[in-house]
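[1] Compute the structure for the input listed below.
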Amino acid sequence: MNISNRIAWRKSALGRSAWRPWVTIVLIAINVLVYVAQLLSSGVQSTMIFAPVIGSLQPYRFLSSAFLHGGFWHIAFNMYALWLVGENLERMIGRWRFAVIYLFSAAGGNVFVLLVASPLAQSWVTGVVGASGAVFGLFGALFILVRKFGGKYTSLLVVIVLNLLLGFLPGSNISWQSHVGGLLVGCIAMAVTARRFRHPRVKAFADGAAYLVIAVLLVTAGIWEYQTIGEVG
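    Below you'll find the model as predicted:
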């Protein structure tokens with residue numbers, strides 16, 4: 001069964017009126033509320049923004065910065081992309097798996113920012129905000145899922161590549177590191193999720209165990225980087 005048929009089957013089985021992509025809706029709502037809070041208080045951004053220089057002291061910023069945005073068009077584009085991809089992807093893989101992939105991709109984007117940054121360069125103190133890393137993770141996850149079930153993925157691949165290239169344009173002020181990191185984590189997490197098991201409980205356990213491994217690897221990568229820099233310094 002290809003990806004389009006699976007979506008159609010899930011819509012028929014669940015009923016159009018019964019299904020709501022609640023995780024996607026909640027994530028969009030949180031992003032919008034945080035953005036409104038940013039407009040009302042400058043302290044919100046200073047408390048939640050991520051930069052490699054402060055990540056070791058306040059590791060929650062690896063995730064919190066993904067709910068900040070640099071302006072109206074920044075959040076508008078990200079939320080549109082989140083809705084566009086999230087509505088179908090959440091339906092296909094289920095709510096908790098979708099939430100895990102989103103959050104892992106968000107944090108993974110900032111971990112990659114850390115790994116690429118140098119304490120001797122401006123990148124070490126440059127703040128990173130936005131849900132782009134998480135959104136790219138969803139793009140990557142959808143790409144893996146479409147390929148897994150034999151769907152057409154050329155147009156999706158073009159969208160991913162073009163958006164990645166935007167981050168490398170001079171003066172774009174876009175964190176390509178966050179995009180690449182989120183994309184990689186999303187692809188890896190979906191490669192795990194797309195595995196087939198006959199028993200739903202066995203699959204849930206296997207997916208949960210694999211997600212735990214991914215979480216440990218992300219944390220370990222961050223700790224290793226900070227320790228390495230500390231030893232060199």
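
[2] wait, residue 92 sits on residue 145?
    Yes: using CB atoms under 8 Å, residue 92 makes contact with residue 145 at a distance of 6.4 Å. Using the backbone N, CA and C atoms, a C-beta is placed for each residue, glycine as well.

[3] which residue is nearest the centroid of the chain?
    Geometric centre of the chain, nearest residue: residue 134, 1.8 Å, by CA atoms, centre = their mean.

[4] wait, that one sits on residue 182?
    Yes: counting by CB under 8 Å, residue 134 does reach residue 182; the two are 5.8 Å apart.

[5] Find the residues that touch each one of these two.
    105-106, 109 (CB atoms under 8 Å, 6 or more residues apart in numbering).

[6] Which ones among the residues you listed map onto helices?
    105-106, 109 (DSSP state H).

[7] so which of the residues you listed comes closest to residue 43?
    residue 106 (21.5 Å; CB to CB).

[8] The helix or strand containing the residue nearest to the centre of the chain packs against which elements?
    Element membership for residue 134, per DSSP states H and E: helix 132-148. Applying 3 or more CB pairs under 8 Å, 6 or more residues apart in numbering; DSSP states H and E, we find helix 132-148 packed against helix 72-93, helix 95-116, helix 154-166, helix 176-193.

[9] list the buried ones in the longest helix anywhere in the chain?
    Looking across the chain with DSSP H, the single longest helix is helix 200-232. Using 16 or more other CB atoms under 10 Å as the test for burial, helix 200-232 gives 207, 210-211, 214, 218, 221-222, 225-226, 229.

[10] re the thing from before, could you single out the nearest of the shared contacts of residue 134 and residue 182 to residue 47?
    residue 106 (16.8 Å).

[11] tally of neighbours for the closest one?
    For residue 106, the neighbour count with other CB atoms under 10 Å is 29.

[12] next one: residue 84
    Neighbourhood size, residue 84 [other CB under 10 Å]: 16.

[13] Quick check: it vs residue 24, distance?
    Distance, residue 84 to residue 24, using CB to CB, to the nearest Å: 10 Å.

[14] swap in residue 193?
    In terms of CB to CB, residue 193 sits 16 Å off from residue 24.

[15] repeat for residue 187
    Residue 187 is 19 Å from residue 24, by CB to CB.

[16] which one of those two has more residues nearby?
    residue 24 (25 against 20).

[17] any weak-confidence spans in this protein?
    1-17, 231-233 (pLDDT under 70).

[18] repeat that for 80
    Scanning the chain with the threshold set as pLDDT under 80 gives 1-18, 150-151, 170-172, 230-233.
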